[in-house]
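K.L.:
Pasting the sequence and the predicted coordinates here, then a few questions.
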Amino acid sequence: MSKEVKILLVEDNEGDIVLTLKALNKAKVNNGVNVVKDGEAALQ
């Protein structure tokens, strides 16, 4: 049984978030993606 790997995207630029999510979708990456906008939130 394999464990799902989630992706943590730390990015404060909304345009870059959209582009990254589109690229992951186009590449058929089915992992869950959590998006936070700064390092402090990433550590939480």
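P.N.:
Great, that's in hand.
K.L.:
What residues of the top helix by length along the chain count as buried?
P.N.:
Under DSSP state H, the helix in the chain containing the largest number of residues is helix 14-26. Going by neighbour count (16 or more other CB atoms under 10 Å), the buried part of helix 14-26 is residue 20. Backbone N, C-alpha and C define where each C-beta goes, glycine included.
K.L.:
quick one: average pLDDT of it?
P.N.:
Helix 14-26 shows a mean pLDDT of 98.
K.L.:
Please state the offset of the next helix-or-strand element following that helix from the chain centre?
P.N.:
Sequence-wise, the next helix or strand downstream of helix 14-26 (DSSP states H and E) is strand 33-36. From the chain centre to the centre of strand 33-36 is a distance of 4 Å (CA atoms, centre = their mean, to the nearest Å).
K.L.:
after strand 33-36 comes which helix or strand?
P.N.:
That would be, after strand 33-36 and using DSSP H and E, helix 39-43.
K.L.:
so what does that following helix touch, helix or strand wise?
P.N.:
strand 7-10 (3 or more CB pairs under 8 Å, 6 or more residues apart in numbering; DSSP states H and E).
K.L.:
and the strand it packs on, how far from the chain's centre?
P.N.:
That offset, for strand 7-10, works out to 4 Å (CA atoms, centre = their mean).
K.L.:
Which elements pack onto it?
P.N.:
Packing partners of strand 7-10 (3+ CB pairs under 8 Å, 6+ apart): helix 14-26, strand 33-36, helix 39-43.
K.L.:
Any chance of CSV for those, columns distance to residue 6?
P.N.:
Output for those, formatted as CSV (distance: least, CB to CB, whole Å):
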stretch, distance to residue 6
helix 14-26, 12
strand 33-36, 6
helix 39-43, 13
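K.L.:
hang on, the earlier thing: which other residues reach the longest helix of the chain?
P.N.:
Contacts to helix 14-26, defined as CB atoms under 8 Å, 6 or more residues apart in numbering, come from residues 7, 9, 11, 31, 33, 35.
K.L.:
swap in stretch 31-44?
P.N.:
Applying CB under 8 Å, 6+ apart, the contact partners of stretch 31-44 are 4-12, 17, 21, 24.
K.L.:
So for residue 2, what pLDDT did the model give?
P.N.:
At residue 2, pLDDT is 76.
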